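**Student:** show me the folded form of this:
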Amino acid sequence: MNPPAESTPPSGASVETQLASFINKFEPAVAAHIRVCRAELRQLLPHAVEMVYDNYNFFVIGYGPNERASEAILSIAAAANGVGLAFLHGATLPDPLGLLQGEGKQNRFIRLPTLEPLRNPAVLALIQSAVAQSTTPFPSSGGVYTVIKSISAKQRPRRKPAKTAKSSTR
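**Tutor:** Predicted structure coming up:
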C-alpha cells in the first residue's frame, strides 16, 4: 500500500497564508476556535516550534522544542466534529484528576469545546509536565515559529455535512 500523496505548498505562499487557508476549510465557529487555541498555546509555549499538518483525518498543529515531529509534546487536533489537545506522551504524564482521555499506549487527549480547558490549572500542569518530560529541552529564547510539515492531497471533509430535509411521499 502506498503512502498518501502529499501536495506541495503553492510557491510564494507565506506560511501564515497557507495556515489560514487550512483553518478556513472549517466552519467559521470551529475556525475561530482553532485560532484562539493556537494563540493560547503560543503564549504558553513561547519558544516552541509549531509544526502544521493538514492530513487526511485531522488538521494538526504540533508543538515541540525543534522541527523534529518525534520530539513534539502536544498538538491541537481539529476535525469537523471539534478540536482537541493531544498529549503525545500523555500515558506517562501525572494526571491525578483523570482529565486525559484515550486508551492508547502513548497518546492521550482532552476535548476543547471552549478555550476554558486550556486555562484550567490542572491542564496547565499537564502542559508543564509535558514540557518537563521532553527529552530535548525547549529553547529559552527566540519566539514561536511555524513550519508546514505536510499537506495531504486527500482529506476528510473539514465541515459537518449539511442536514437535508426529509421529503414526504404522501
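**Student:** in the chain, which spans are strands?
**Tutor:** 49-54, 59-64, 74-79, 82-87, 108-111, 145-151 (DSSP state E).
**Student:** export those to CSV and append columns for distance to residue 22 and mean neighbour count.
**Tutor:** Quick note: C-beta positions are derived from backbone N, CA and C, even for glycine. Shown next, in CSV, are the strands of the chain (distance: least, CB to CB, whole Å; neighbours: other CB atoms under 10 Å):
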stretch, distance to residue 22, mean neighbour count
strand 49-54, 5, 22
strand 59-64, 6, 23
strand 74-79, 9, 24
strand 82-87, 13, 21
strand 108-111, 20, 18
strand 145-151, 8, 16
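**Student:** which one of those lies closest to residue 134?
**Tutor:** Proximity to residue 134 (CB to CB) singles out strand 59-64 among these, at 7.5 Å.
**Student:** that closest one pairs with which strands?
**Tutor:** strand 49-54 (antiparallel), strand 74-79 (antiparallel) (DSSP bridges).
**Student:** what does that strand contact?
**Tutor:** Contacts to strand 59-64, defined as CB atoms under 8 Å, 6 or more residues apart in numbering, come from residues 22-23, 25-26, 34, 38, 41, 45, 48-53, 69, 71-79, 86, 88, 134, 136, 149, 158.
**Student:** count the neighbours of the closest residue to residue 93 other than its chain neighbours for me.
**Tutor:** Counting by CB to CB, 6 or more residues apart in numbering, residue 93 lies nearest to residue 129, which is 5.0 Å off, once chain neighbours are set aside. Residues near residue 129, counting by other CB atoms under 10 Å, number 18.
**Student:** pLDDT at residue 129, what is it?
**Tutor:** Looking at residue 129, its pLDDT is 97.
**Student:** hmm, it is touching residue 96, no?
**Tutor:** No. The criterion here is CB atoms under 8 Å, and residue 129 misses it with residue 96 at 10.9 Å.
**Student:** okay, residue 91: pLDDT?
**Tutor:** At residue 91, the pLDDT recorded in the model is 96.
**Student:** so how far is residue 132 from it?
**Tutor:** Residue 91 sits at a distance of 16 Å from residue 132 (criterion: CB to CB, to the nearest Å).
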